[in-house]
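> dropping the sequence and predicted coords here.
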Amino acid sequence: MLTSMREKVTIDGGILVGHDGSKASSEAVAWASRHAARLGVHLHVLRAWSLTNAPRPASMKPGYVPPEKDFEEAVLAQLARDVEALHLPPDCTVDLHAAHGQSSAKLLEAAEGAEMLVVGRRGAGGFRGLLTGSTADQVVRHSPCPVVVVPVKNGD
């Protein structure tokens with residue numbers, strides 16, 4: 001798995017999928033990986049983050065706030081563990097990306113170069129009673145490429 005850390009993620013082809021650590025996003029990654037493997041294209045897994053939802057880096061000590069780079073590295077490390085736990089098809093080439101900012105905005109930016117954008121029906125945030133989450137709603141409305149919204153199996 002390749003990783004990248006940046007404010008803006010630029011990809012060139014392949015399938016882009018958002019992952020926020022939720023069950024729905026894990027199912028979206030699994031679905032997208034099967035299709036990427038069949039099509040022979042790269043799977044790009046993107047996690048948007050902010051200081052409020054990033055894992056705390058090892059360099060964080062009392063009285064010291066680490067640089068953003070340390071937070072990005074912690075986000076990518078957590079994303080790598082989450083994706084590895086999904087046991088994706090061995091013939092699927094996966095690139096991991098972390099982007100600082102709001103999830104729908106970062107997915108839409110990266111989708112400029114994607115062949116397809118995949119998201120889960122609802123992510124980790126928001127209200128459980130909603131049919132679709134705000135990120136799914138925004139990417140369906142504004143995506144520059146086709147979008148697949150993957151439902152969660154066996155409920156939420």
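Noted; the coordinates are in hand. Just so you know, these numbers come straight off a predicted model, no measurement behind them. Residues are numbered from 1 along each chain as shown.

> how far out from the middle of the chain is the host helix or strand of His97?
Per DSSP states H and E, His97 falls inside strand 94-100. Strand 94-100 has its C-alpha centroid displaced from the chain centroid by 7 Å (Cα atoms, centre = their mean, to the nearest Å).

> output the helix or strand following that strand in CSV, but only the C-alpha positions, please.
Going down the chain from strand 94-100, the next helix or strand is helix 103-110, by DSSP H and E. Taking Å, rounded to 0.1, in the frame of the first residue of the first chain, the C-alpha atoms of helix 103-110 are listed here in CSV:
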residue,chain,number,x,y,z
SER,A,103,-14.7,15.0,4.1
SER,A,104,-17.1,15.9,1.3
ALA,A,105,-14.9,18.7,0.0
LYS,A,106,-11.8,16.6,0.0
LEU,A,107,-13.5,13.7,-1.7
LEU,A,108,-15.0,16.0,-4.4
GLU,A,109,-11.5,17.6,-5.0
ALA,A,110,-9.9,14.2,-5.4
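
> tell me the angle the helix or strand where Ala28 lies makes with strand 94-100.
Using DSSP H and E, the element containing Ala28 is helix 23-39. In terms of direction (axes from the mean of the first three to the mean of the last three Cα atoms, to 10 degrees), helix 23-39 departs from strand 94-100 by 140 degrees.
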